[in-house]
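Asks: Here you go, sequence then predicted model.
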There are 2 protein chains.
Amino acid sequence: MSGKVILNLAISLDGYIADENGGYDWIIGHGNHCLDTENQYPFSDFKDSIDIVVMGHTCYLQGFASDYTKKKVYVASNSMQEDTENIEFIRGDIISIIIKERDAGKTIYLFGGGILIDPFVKANVIDEYMISIIPTILGKGIPLFLGNNPTIALSLNKYSIEDGIIHLFYSKK
Amino acid sequence: MSGKVILNLAISLDGYIADENGGYDWIIGHGNHCLDTENQYPFSDFKDSIDIVVMGHTCYLQGFASDYTKKKVYVASNSMQEDTENIEFIRGDIISIIIKERDAGKTIYLFGGGILIDPFVKANVIDEYMISIIPTILGKGIPLFLGNNPTIALSLNKYSIEDGIIHLFYSKK
């Protein structure tokens, strides 16, 4: 059974994943729970469901790998570092490695950031797009989609709302 | 009582309002109604609710003004044309005119396209953002948000889903 590659992150309404300085302090709700849906899909459940995390070097330097000590973590990095028990640094073609893991049945969480994600979008190897839309026009920052991508038709499979943040769960058609 | 300026349009998940050739044939649902919400907000109701439509010259040339023969229509255009009974061509500062109409209590529909909308976002005079997200990564095209905008905090007030298209109704906080 084939696994899958899942992108899961939050964007502003204008499509940014981080501000110009890489900051995330704008990732907040609109301040009330009037519109919350009955169904919620806690991030902890998602985290439990995945086998492998892939992140870029900047995210690694920001300390995000420490949230996944019980998962295999691949870090895309041009500056090689010594691997640890669960972290492997990859220079060069990370997509082939992830495709092999997927074909071996693994569920892979494509963590970010934007530079890591871009070639995965362009190679059209992302099976599920879990996108949370923050109720903010950020104005400027680091975009999720860098442009010049293939057209990819999606199905919206489920959604939830919490504090004005809408979580949209798409899969590739 | 002050009126309001409403942006209402559809974007792809990657933020485009039209393809590279200005085409819209990708603006379709995902092909089933499993996730449709009970509440729907027909576009015809929205259309009835507005007093004034503002569009750019390209949208005018595409014939969109003919859908609004009973409304006042402003067309932002550098190539002046003769006004008709309901259509007025505006060269130059259209924002001041729209602000005056808004302050006179009018409900104004900011139709598009992107070039018209951009200065309205930058001047932060849009009161409501009604954004429909098409279940497609278009890949390339004409973006809604051109970047270098102010940060604008929003509230998500309501939503509906039809055929995998999610309609999000935001207002400025």
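Replies: Sure, I can see it. Residues are numbered from 1 along each chain as shown, chains lettered A, B, ... in the order given.
Asks: Buried residues of the helix or strand encompassing A:Asp118, list them for me.
Replies: A:Asp118 belongs to helix A:114-122 when assigned by DSSP states H and E. Neighbour-count burial for helix A:114-122 flags A:Gly114, A:Leu116, A:Ile117, A:Asp118, A:Phe120, A:Val121 (criterion: 16 or more other CB atoms under 10 Å in any protein chain shown). For the C-beta atoms, the positions are set from N, CA and C on the backbone; glycine is no exception.
Asks: Now do the contacts for the first one.
Replies: It refers to A:Gly114. Residues in contact with A:Gly114, defined by CB atoms under 8 Å, 6 or more residues apart in numbering or on different chains, are A:Ile17, A:Ala18, A:Ile142, A:Pro143, A:Leu144, A:Leu146.
Asks: pLDDT wise, what is the spatially closest residue to the first one that is not a sequence neighbour at?
Replies: Looking back up the chat, that one is A:Ile17. Leaving out its chain neighbours, the residue that sits closest to A:Ile17 by CB to CB, 6 or more residues apart in numbering or on different chains is A:Leu144, at 5.0 Å. With respect to pLDDT, A:Leu144 has a value of 97.
Asks: Would you report the backbone torsion angles of A:Leu144?
Replies: phi -70, psi -50 (degrees, to the nearest 10).
Asks: Around it, how many other residues sit close by?
Replies: 25 (other CB atoms under 10 Å in any protein chain shown).
Asks: right, and it touches A:Ser12 too?
Replies: No: between A:Leu144 and A:Ser12 there is no contact under CB atoms under 8 Å: 9.4 Å.
Asks: List, one by one, the residues from chain A near chain B.
Replies: Within chain A, the positions lying close to chain B (CB under 8 Å from any CB of the partner chain) are A:13-15, A:26, A:30-32, A:35, A:121, A:129, A:131, A:133, A:135-140, A:144-145, A:147-159, A:161, A:164-166, A:168, A:170, A:173.
Asks: which ones among those residues are found in strands?
Replies: With DSSP state E as the criterion, strands contain A:129, A:131, A:133, A:136-137, A:152-159, A:161, A:165-166, A:168, A:170 from among those.
Asks: Can you check the contacts of A:Gly114 and name whichever has the most neighbours?
Replies: With neighbours defined as other CB under 10 Å, the most crowded of the contacts of A:Gly114 is A:Leu144; it has 25 neighbours.
Asks: How far does the helix or strand encompassing A:Phe89 sit from its chain's centre?
Replies: According to DSSP H and E, A:Phe89 maps onto strand A:87-90. Relative to its parent chain, strand A:87-90 has a centroid offset of 18 Å by CA atoms, centre = their mean, to the nearest Å.
Asks: Partner strands of it and their direction?
Replies: If you go by DSSP bridges, strand A:87-90 pairs up with strand A:72-76 (parallel).
Asks: got the angle for the partner strand vs helix A:114-122?
Replies: Angle, strand A:72-76 to helix A:114-122, by axes from the mean of the first three to the mean of the last three CA atoms, to 10 degrees: 100 degrees.
Asks: average model confidence for strand A:72-76?
Replies: On average, strand A:72-76 scores 97.
Asks: Residues contacting that strand, please?
Replies: A:51-57, A:60, A:65, A:81, A:86-90, A:94, A:97-98, A:116.
Asks: Of those, select the buried ones using a ChimeraX command.
Replies: Buried residues within the contacts of strand A:72-76, by 16+ other CB under 10 Å, are selected in ChimeraX with:
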select /A:52,53,54,55,56,57,60,65,87,89,90,94,97,98,116
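Asks: Confirm that A:Ile97 sits in a helix.
Replies: Yes: secondary structure assignment places A:Ile97 in a helix (DSSP: H, G, I helix; E, B strand; the rest coil).
Asks: Distance check, the residue of chain A most remote from its centre against B:Asp127.
Replies: What lies farthest from the middle of chain A is A:Cys34; by CA atoms, centre = their mean that is 27.3 Å. Distance of A:Cys34 to B:Asp127, computed by CB to CB, to the nearest Å: 19 Å.
Asks: same question, A:Asp67
Replies: Counting by CB to CB - A:Asp67 and B:Asp127 are separated by 39 Å.
Asks: Compare the two (neighbour count), which wins?
Replies: Neighbour tally, A:Asp67 and B:Asp127, criterion other CB under 10 Å: the higher count belongs to B:Asp127, 18 against 12.
Asks: mean confidence score for the strand holding A:Phe89?
Replies: If you average the pLDDT values across strand A:87-90, you get 96.
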